[in-house]
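A.B. asks: next comes the sequence, and after it the predicted model I'd like to discuss.
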Amino acid sequence: MNNTILSLFADSKSRNKNHIAIKHKKNKVWKNISWPDYFQYVKNLHSALDSLGLQKNDKVCIISNTCYQWVIADLSIMSIGATTVPIYKNSLDDDIDYIIKNSEAKFIFCEDSQLADSIRKMNSDIKIITFTDSDSTHYSNFNKLIAKNSSLSDE
């Protein structure tokens with residue numbers, strides 16, 4: 001039996017197809033994500049990241065408070081063979097800039113567009129994905145990237 005995180009994740013989807021994988025709050029209302037949907041979001045994000053040019057051994061930063069999007073992003077990054085580089089949201093700008101440059105990250109997931117704007121000023125070359133909706137043409141939107149055949153964007 002292959003006991004990697006990704007194989008255990010796939011096995012959990014099969015064994016728990018009628019169960020809730022994640023509960024999260026949106027607009028003060030609890031929302032559920034089933035195991036099959038959770039698995040599909042990871043697959044959809046994997047495909048989106050692949051089409052955006054993420055490759056095996058690339059580095060991807062995530063700067064956000066703890067949220068379900070972080071887990072989906074992390075599993076998608078892992079499934080490509082890339083490495084997640086976490087950054088504390090309360091890190092100083094100089095530290096954030098150092099981590100991005102030192103890790104040679106190609107992408108960064110940001111909690112919101114305000115943080116994304118700050119990152120864009122530090123590093124104009126990195127591809128930015130925001131967890132919250134943004135009208136910016138400079139960033140990709142997480143919900144749109146995982147929405148292929150999903151209902152998450154309708155929640």
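C.D. replies: Yep, it's here.
A.B. asks: per-residue pLDDT, A105?
C.D. replies: As summarised for this prediction, A105 has a pLDDT of 97.
A.B. asks: surely it meets I126?
C.D. replies: Yes. Using CB atoms under 8 Å, A105 is in contact with I126, at 6.2 Å. In this view, the C-beta of every residue, glycine as well, is placed from N, C-alpha and C.
A.B. asks: where does the most centrally placed residue in the chain fall, secondary structure wise?
C.D. replies: Nearest to the geometric centre of the chain sits A73, at 2.5 Å (CA atoms, centre = their mean). Here A73 sits within helix 68-80, counting by DSSP states H and E.
A.B. asks: elements contacting that helix?
C.D. replies: helix 5-15, strand 20-26, helix 35-51, strand 59-63, strand 83-87, strand 107-110, helix 142-146 (3 or more CB pairs under 8 Å, 6 or more residues apart in numbering; DSSP states H and E).
A.B. asks: worst-scoring helix or strand of the protein, pLDDT-wise?
C.D. replies: Every helix and strand in the chain was compared by mean pLDDT, DSSP states H and E; the lowest is helix 5-15, with a mean of 81.
A.B. asks: how far does it sit from its chain's centre?
C.D. replies: The chain centroid and the centroid of helix 5-15 are separated by 18 Å under CA atoms, centre = their mean, to the nearest Å.
A.B. asks: for that helix, which helices and strands make contact with it?
C.D. replies: Short answer (3+ CB pairs under 8 Å, 6+ apart): helix 5-15 packs on helix 35-51, helix 68-80.
A.B. asks: tell me what angle it forms with strand 20-26.
C.D. replies: If you take axes from the mean of the first three to the mean of the last three CA atoms, to 10 degrees, helix 5-15 sits at 100 degrees to strand 20-26.
A.B. asks: what residues does helix 5-15 touch?
C.D. replies: M1, A21, W35, P36, Y38, F39, V42, L75, M78, S79 (CB atoms under 8 Å, 6 or more residues apart in numbering).
A.B. asks: the second one contacts W35, correct?
C.D. replies: What that stands for is A21. Yes. Using CB under 8 Å, A21 is in contact with W35, at 4.4 Å.
A.B. asks: can you tell me the closest non-neighbouring residue to the residue nearest to the centre of the chain?
C.D. replies: In space, and not counting its chain neighbours, A73 is closest to F109: 5.0 Å by CB to CB, 6 or more residues apart in numbering.
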